[in-house]
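In: 3D model of this:
(one chain, ligands or ions: 1)
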Amino acid sequence: VNRPVRVAVVGLGYWGPNLARALEEVDNVHVTWLCDMRREVVDRVGRRHPSAARTTQVDDVLDDDGLDAVVVATPISTHYPIALAALSAGKHTFVEKPLTTSSAQAVALARLAAEQALVLMPGHTFLYSPPVRSVKRLIDEGHLGDIYFVSTSRVNLGIHQADVSVAWDLGPHDFSILRYWLGENPTWVTALTRSCVLPHVPDVAFVNAKFPSGTIAHVELSWLAPSKLRRTTIVGSRQMVVYDDTSNEPVRIFDSGVSLPDFGSYGEHRLSYRTGDIISPRIPHDEPLVVEFADFVAAIREGRKPVSHIDLGIDVVRVVEAVERSLDDLGARTTVEADIEVEAA
Ligand SMILES: NC(=O)c1ccc[n+]([C@@H]2O[C@H](COP(=O)([O-])OP(=O)(O)OC[C@H]3O[C@@H](n4cnc5c(N)ncnc54)[C@H](O)[C@@H]3O)[C@@H](O)[C@H]2O)c1
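Out: I've put the predicted structure just below:
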């Protein structure tokens, strides 16, 4: 049957209204419920979705037997209880990043979803962004060669979150992108943060990560910066890439590198530096949120694994957890918890 997939959006603060709008753009999807604990917020957003029912109680949404799926866009600390209730009520569940505040919670949700054959999808939007996908293709097709290192800056002024650090808020973007590009999670991390403005809410973080393949990464995250940067440099053995999400040429490929030419006599070699063409490939303008929800709906209809899949979501939570443990241990090198296999829906 190709009846519309009926979806509820829970949490209509800064981000939720964007999700409700994007859902309406996906074929054969109907936003049937809008829910926020603040009445005035539900009513304001509700005016843009006249056919959606409105409520301040998640239970009203979950009691609707005709509802297929719940999209959760509430503050991070509430993701686990709301997603647990949604899955327990038999609803496919999309949870904004990060999935939960602990990997134990994330694994528990994943098991519940698998048992019930429900889709549980973490909202790692950047995996649906055309430039991120084009870099993924460059890596997979071998154009960059071995990835030596990745260096990334995600900084801007605001928005301070009350319930979590910048590592939990912005970190999942970079950790999900790295996991997607490299197809692996870090083995260990080290981290340094400072709570500059609010006590005990770190608003700047420098994270270093080492991956099983040997790739290393530096991730700079901050809500305190003079200008907005979304800039990632990937240095490979064959080519290098700069991905700048704020630029109208978001991906630039540098045919540059260094190689060790043939050895002359033993011990006598010169490095050869190569600075070649710079190519800026054409990047489509698909809206990531719409592509993301199309993938969620396809996962529901066809039972296939979304690109932003649950194992990736769990891995991202594990990286942030390791960052927190490193901070508790004065920035020491800290192992990222690895694979307990979870059968995803
Ligand atoms: N993918 C992205 O690029 C992206 C961007 C921004 C935010 N986010 C994520 O979206 C989520 C929400 O962030 P935000 O900035 O919109 O937060 P926000 O605080 O602006 O909005 C959260 C809303 O949830 C409501 N809420 C809280 N508890 C509730 C409950 N139990 N039942 C119903 N409503 C409840 C609040 O009233 C509020 O309106 C976070 O997980 C955040 O990480 C993702």
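In: which intervals of the stretch 151-300 of the chain have sub-threshold pLDDT?
Out: Applying pLDDT under 70 to the stretch 151-300 of the chain picks out residues 262-269.
In: which SS class is Lys293?
Out: Lys isn't right for residue 293; it's Phe. Assigned state for Phe293: helix (three-state reduction, DSSP: H, G, I helix; E, B strand; the rest coil).
In: tally of neighbours for it?
Out: 26 (other CB atoms under 10 Å). Where C-beta positions appear, they are placed from N, C-alpha and C, glycine not excepted.
In: Leaving out sequence neighbours, find the closest residue to it.
Out: Excluding the flanking residues, the one nearest Phe293 by CB to CB, 6 or more residues apart in numbering is Val26, at 4.8 Å.
In: Am I right that the one you found sits in a strand?
Out: No - going by three-state DSSP, the assignment for Val26 is coil, not a strand.
In: wait, it sits on Val297?
Out: Yes - applying CB atoms under 8 Å, one finds Val26 in contact with Val297, separated by 5.8 Å.
In: Take stretch 215-222, keep the C-alpha atoms, and write them as PDB.
Out: Only the C-alpha atoms of stretch 215-222 are listed here, as PDB (Å, rounded to 0.1, in the frame of the first residue of the first chain):
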ATOM      1  CA  THR A 215      44.400   8.700   9.700                       C
ATOM      2  CA  ILE A 216      44.500  11.400  12.300                       C
ATOM      3  CA  ALA A 217      42.000  14.200  12.800                       C
ATOM      4  CA  HIS A 218      41.900  17.500  14.500                       C
ATOM      5  CA  VAL A 219      38.400  18.900  15.300                       C
ATOM      6  CA  GLU A 220      38.000  22.500  16.500                       C
ATOM      7  CA  LEU A 221      34.500  23.300  17.900                       C
ATOM      8  CA  SER A 222      33.300  26.600  19.400                       C
END
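In: Would you mark the buried spots in that stretch?
Out: Neighbour-count burial for stretch 215-222 flags Thr215, Ala217, Val219, Glu220, Leu221, Ser222 (criterion: 16 or more other CB atoms under 10 Å).
In: List the residues that contact the residue nearest to Phe293.
Out: By CB atoms under 8 Å, 6 or more residues apart in numbering, Val26 lies in contact with Val290, Phe293, Ala294, Val297.
In: if I look at it, how far off is Ala85?
Out: Separation of Val26 from Ala85 (CB to CB, to the nearest Å) stands at 24 Å.
In: do the same with Pro212
Out: 36 Å.
In: Could you do Met240 as well?
Out: Met240 sits 47 Å away from Ala85, going by CB to CB.
In: ok, the residue in the stretch 1-150 of the chain that the ligand sits nearest to - contacts?
Out: Among the residues of the stretch 1-150 of the chain, Gly13 lies closest to the ligand, at 1.9 Å counting by CB to the nearest ligand atom. For Gly13, the contacting residues are Asp36, Val41, Ala73, Thr74, Pro75, by CB under 8 Å, 6+ apart.
In: give me the subset of the residues you listed touching the ligand.
Out: Contacts with the ligand within these, counted by CB under 6 Å from any ligand atom: Asp36, Val41, Ala73, Thr74, Pro75.
In: any idea what sits nearest the first one, other than its immediate chain neighbours?
Out: It refers to Asp36. Leu12 (4.1 Å).
In: Get me the contact residues on the stretch 151-300 of the chain for the ligand.
Out: Close to the ligand, as judged by CB under 6 Å from any ligand atom, the stretch 151-300 of the chain has residues Asp169.
In: so where do the helices sit in the stretch 151-300 of the chain?
Out: Ranges of helices in the stretch 151-300 of the chain, per DSSP state H, counting those that start in this stretch, are 166-169, 171-182, 288-302.
In: Counting by contacts, list what the second one packs against.
Out: Think helix 171-182. helix 130-140, strand 147-155, strand 204-210, strand 216-222, strand 229-236, helix 310-328 (3 or more CB pairs under 8 Å, 6 or more residues apart in numbering; DSSP states H and E).
In: which one of these has the most crowded surroundings?
Out: Stretch with highest mean neighbour count among the helices and strands packed on helix 171-182: helix 310-328 (a mean of 23; mean count of other CB atoms under 10 Å).
In: before we move on, back to that, output the contacts of Val26 in a markdown table; the columns should cover distance to Tyr128.
Out: A markdown table is the format used below for the contacts of Val26 (distance: CB to CB, whole Å):
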| residue | distance to Tyr128 |
| --- | --- |
| Val290 | 8 |
| Phe293 | 9 |
| Ala294 | 9 |
| Val297 | 13 |
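In: Check whether Val150 really touches Leu178, as I assumed.
Out: Yes - between Val150 and Leu178 there is a contact under CB under 8 Å: 6.5 Å.
In: could you list every residue that touches the nearest residue to Tyr273 once chain neighbours are set aside?
Out: Spatial nearest neighbour of Tyr273, excluding adjacent residues (CB to CB, 6+ apart): Val258 at 5.3 Å. Residues near Val258 by CB under 8 Å, 6+ apart: Leu271, Ser272, Tyr273, Arg274.
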